[in-house]
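*Asks:* Sequence and predicted structure below; questions after.
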Amino acid sequence: MKAEYINPFLDAARNVIEQLIQIRPTTGQLQIKEVQFFDQYIWIEIGMTGQMNGNIVFGLHESVALKIVSAMMGGFVMTELGEMGHSAISELGNMISGNASTILFNQGVKVDITPPKVVQSAAGQFKAKQALTVPLMMEGIGHLDIQVLVG
């Protein structure tokens with residue numbers, strides 16, 4: 001598993017989040033660790049095929065998702081995710097992954113991404129045992145975990 005697989009997703013996530021919610025995320029410690037899923041989390045899964053095969057999984061606590069969706073909605077305070085919230089958080093994952101695939105293409109790596117799938121109870125959803133993972137911390141909002149499961 002190569003650490004450079006996650007860099008395009010980190011760059012894309014920082015740029016997209018900064019544009020959408022006007023907060024510059026800071027990057028936590030890159031690790032290879034066992035895939036763990038937590039209660040009260042939202043998981044956005046994006047599949048990749050081509051020169052990289054696997055999944056990118058974005059994980060965030062429901063309260064963080066609500067804050068991000070509220071910011072995406074121009075400050076309208078969301079109290080529950082519902083259909084519109086799931087759509088917005090799904091689009092966040094799509095925007096990050098689309099930008100990352102452009103970065104990868106510019107580096108000579110051709111990948112196609114699948115539409116995002118939002119999962120609320122991810123236990124047992126993913127086959128990989130280990131992932132490259134790094135948190136993005138957003139001041140006043142929380143953190144977004146990026147997990148790269150490349151086979």
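*Replies:* Received, thanks. Residues are numbered from 1 along each chain as shown.
*Asks:* alpha carbons only for contacts and neighbour counts from here, please
*Replies:* Fine.
*Asks:* What helix or strand is the most centrally placed residue in the chain located in?
*Replies:* In the chain, the centroid-proximal residue (Cα atoms, centre = their mean) is residue 58; its distance is 2.8 Å. Per DSSP states H and E: residue 58 is located in strand 54-61.
*Asks:* try residue 133
*Replies:* strand 130-138.
*Asks:* CA atoms only for the worst-scoring helix or strand of the chain on mean pLDDT, dumped as PDB, please.
*Replies:* Using mean pLDDT, DSSP states H and E, strand 31-34 stands out as the lowest-scoring helix or strand of the chain, at a mean of 82. Only the C-alpha atoms of strand 31-34 are listed here, as PDB (Å, rounded to 0.1, in the frame of the first residue of the first chain):
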ATOM      1  CA  GLN A  31      -1.400   5.800   9.400                       C
ATOM      2  CA  ILE A  32      -2.000   2.300   8.100                       C
ATOM      3  CA  LYS A  33      -4.500   0.800  10.400                       C
ATOM      4  CA  GLU A  34      -7.300  -1.700  10.800                       C
END
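*Asks:* Next, report how far that strand is displaced from the centre of its chain.
*Replies:* 16 Å (Cα atoms, centre = their mean, to the nearest Å).
*Asks:* ditto for stretch 108-125
*Replies:* On Cα atoms, centre = their mean, the centre of stretch 108-125 falls 9 Å from the chain's centre.
*Asks:* what's the answer for stretch 136-151, then?
*Replies:* That offset, for stretch 136-151, works out to 6 Å (Cα atoms, centre = their mean).
*Asks:* ditto for stretch 88-103
*Replies:* 8 Å.
*Asks:* what comes into contact with it?
*Replies:* With contact meaning Cα atoms under 8 Å, 6 or more residues apart in numbering, stretch 88-103 is reached by 8-9, 11-13, 16, 44-46, 58, 65, 68-69, 72, 110-113, 115-118.
*Asks:* Now with 6 Å, please.
*Replies:* 8-9, 12-13, 116 (Cα atoms under 6 Å, 6 or more residues apart in numbering).
*Asks:* and if you look at stretch 55-75?
*Replies:* By Cα under 6 Å, 6+ apart, the list of residues contacting stretch 55-75 reads 20-21, 40-48, 76-78, 141-142, 144-149.
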